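Novice: fold the following, please.
(chains A and B)
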Amino acid sequence: MYRRKLLIAGLIVFLGVIGLGSARAHAGGAGQSDADSHKAFGSKSAPITMETFSDFECPACRQFYLNNYRLVMENYVTTGKVYLVERDFPLPVHAYSTVAARYARAAAQIGKFEAVQDVLFQNQSSWEQSGDVDGTVAKALTPAEMNKVRVLAKSPAIDAAIEKDKALGRQYAVNQTPTTYIHFKGQTYPVVGVVSYDVLHQFLDQLLAQR
Amino acid sequence: MMQSSPLNYRRVFLWIGRIVLAGSFIYAGYAKIRMPTMPQRPPLPVALSFFAMQVDSYQLLPAWGVRFVAHTLPFAEIALGVLLLIGWELRIWTTLVTLLVAGFFFGVVRAYFKHMEINCGCFGTPQPVTIMKVLEDGGLLVLMAAMTVFAFIEARRPHPWTEKA
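Specialist: The predicted model follows:
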């Protein structure tokens, strides 16, 4: 008798909790809107869009990049399955991350984003101590390219583009990096922190199986 | 009508704890499987592989461990919630749930002190690992430990239906 009453009470609580859960709003994402074409890779008509908000001075972002970037590019971007958009979200706690974002975005303007992104993440522990972003980026570019990047990095348009990414991140309620939003058929799946490629690719494959 | 055991604070605590925790566990499992905050509920394989990414972000388990946890934990949570609710063999299930919650607490505390930028993954929806999350899970662990102790104490007490006529 008591167990039956308890069961009924529990079901009422459970239904109430379900109702609360359903009432929560989910902030969907813009996906491909305003993607900087110099920092977006793959086909816009790909079924999945992956938007990653990242900070060059963030160790977790470095690990996410090293775990996943090359493999996602090889297996999903170049095969037309994923449209990858890299977004800047330099955190105020990192002294040189905005400088690094400026240089990377400037390099993107001359088609050298991937090389600069790689050299920044590979040498993160060095330049985050010394602040020598310029010297680090120079390792990946020719002197002529470096001169162009130095000029572009000072452009107000570069700062505006970074601020635009940050504003979009705030709209998404990004508060940590890396945060990746995976958009598929109007749904947005937020992925916060580092994930291994093994697990990420299984998720991407499950999405693709729903096409 | 059969006489029930006299009411005491342990039994009240157990009743309330069972309802609250059963509801939490059942919802936690349901949320991982059905992702109720999504505009359209994704299919089960998508929901489970999404949960796998949240488990993986703790960087505690190898890939096979992540897959195992992601594919079993939501269902285990629902089953444990139901078992807590109906109160059958309470000592066993409260002990098991306490161990499970202790495991969650360890994962959350480790993530917090390592400044890992991840989502808790506790209820499917994004919840950053903050000090509040640590305190919340710690409180849950204390609650479960108390329930387990009380369940054992209550089981040893004589009850009217065990007294010889």
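Novice: neighbours of residue B:139, how many?
Specialist: Residues near residue B:139, counting by other CB atoms under 10 Å in any protein chain shown, number 11. C-beta: built from backbone N, CA, C; applies to glycine.
Novice: buried ones in stretch A:172-191?
Specialist: Buried residues in stretch A:172-191, defined by neighbour count with 16 or more other CB atoms under 10 Å in any protein chain shown: A:172, A:174, A:176-184, A:187-191.
Novice: tell me the one of these nearest residue A:91?
Specialist: Closest approach to residue A:91 among the buried residues of stretch A:172-191 (CB to CB): residue A:177, at 6.3 Å.
Novice: now the most centrally placed residue in chain A. Nearest residue, chain neighbours left out?
Specialist: Closest residue to the average C-alpha location of chain A: residue A:52 at 1.1 Å, with CA atoms, centre = their mean. Closest residue to residue A:52 apart from its sequence neighbours, by CB to CB, 6 or more residues apart in numbering or on different chains: residue A:180 at 4.5 Å.
Novice: and for residue A:191?
Specialist: Using CB to CB, 6+ apart, the closest residue to residue A:191 is residue A:180 (4.4 Å).
Novice: convert the C-alpha atoms of the helix or strand containing that neighbour to CSV, please.
Specialist: Here residue A:180, judged by DSSP states H and E, is contained in strand A:179-184. C-alpha atoms of strand A:179-184 as CSV (Å, rounded to 0.1, in the frame of the first residue of the first chain):
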residue,chain,number,x,y,z
THR,A,179,33.8,24.8,-27.9
THR,A,180,32.6,23.2,-31.1
TYR,A,181,29.1,23.5,-32.5
ILE,A,182,28.2,20.7,-34.8
HIS,A,183,25.2,21.6,-37.0
PHE,A,184,23.2,19.0,-38.8
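Novice: just to check, the residue nearest to residue A:52 is in contact with residue A:53?
Specialist: Yes: using CB atoms under 8 Å, residue A:180 is in contact with residue A:53, at 7.4 Å.
Novice: how about the helices in chain B?
Specialist: In chain B, the helices defined using DSSP state H lie at B:9-34, B:44-56, B:63-86, B:90-113, B:131-156.
Novice: try chain A
Specialist: Using DSSP H, the helices of chain A run over residues A:2-23, A:59-64, A:70-72, A:97-109, A:113-122, A:124-130, A:133-138, A:143-153, A:156-171, A:197-209.
Novice: go through these and name the closest to residue B:26.
Specialist: Of all the helices of chain A, it is helix A:2-23 that lies closest to residue B:26, at 5.4 Å by CB to CB.
Novice: residue contacts, residue A:86?
Specialist: A:39, A:40, A:41, A:52, A:54, A:113, A:117 (CB atoms under 8 Å, 6 or more residues apart in numbering or on different chains).
Novice: which among these gets closest to residue A:95?
Specialist: Comparing these against residue A:95 with CB to CB picks out residue A:54 as the nearest, at 16.7 Å.
Novice: burial of that closest one, as a residue count?
Specialist: Using other CB under 10 Å, residue A:54 has 26 neighbouring residues.
Novice: go on, the one 10 residues further on?
Specialist: Applying other CB under 10 Å, we find 27 residues neighbouring residue A:64.
Novice: go on, residue A:151?
Specialist: Using other CB under 10 Å, residue A:151 is surrounded by 10 other residues.
Novice: please apply the same query to residue A:37.
Specialist: Other residues lying near residue A:37 total 9 when counted by other CB under 10 Å.
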